[in-house]
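Colleague: need a 3D model of the sequence below.
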Amino acid sequence: MPAGRIAAVRARVGARGFSAYVSAAVERQIQRDLLEELLQAKEAEIGAPSAEVQGWAAAVFREAEAMADDHEGQQAGKGEAAWEGREAG
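Modeller: Numbers count the residues shown, from 1 in each chain. Alright, predicted model coming up:
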């Protein structure tokens, strides 16, 4: 892992939380990989989604991202206390 990435993780979680943070990140990546494999298998089985469905999905993702951005903005205003007691994954 690049030194800069290690430093960024340690800055977020401290030396003692490094392993748990990395483990949670690996778990999320495995979940994404499995989801991608499932989507590819379904696409091979039934074909690609229509342009209409792709447009709908893009709109849903944009809405979810906007909601997440709003939530993060609200949490940022609360400072470090907003993250106290939270765990990744």
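
Colleague: pLDDT averaged over the host helix or strand of Q54 - what is it?
Modeller: For Q54, the element it lies in under DSSP states H and E is helix 51-76. For helix 51-76, the mean pLDDT works out to 89.

Colleague: ok now that helix, how far from the chain's centre?
Modeller: Counting by CA atoms, centre = their mean, to the nearest Å, helix 51-76 is centred 13 Å from the centre of its parent chain.

Colleague: residue closest to the middle of the protein?
Modeller: Closest to where the C-alpha atoms of the chain average out (CA atoms, centre = their mean) is R28, at 7.1 Å.

Colleague: quick one: that one from Q40, how far?
Modeller: Per CB to CB, to the nearest Å, R28 is found 19 Å from Q40. C-beta: built from backbone N, CA, C; applies to glycine.

Colleague: and Q74, by the same measure?
Modeller: Q74 is 37 Å from Q40, by CB to CB.

Colleague: and for A15?
Modeller: Distance from A15 to Q40, by CB to CB: 39 Å.

Colleague: against which helices or strands is the longest helix anywhere in the chain packed?
Modeller: Using DSSP state H to assign secondary structure, the helix with the most residues in the chain is helix 18-46. When contacts are defined as 3 or more CB pairs under 8 Å, 6 or more residues apart in numbering; DSSP states H and E, helix 18-46 packs onto helix 3-13.

Colleague: in the helix it packs on, what's buried?
Modeller: 9, 13 (16 or more other CB atoms under 10 Å).
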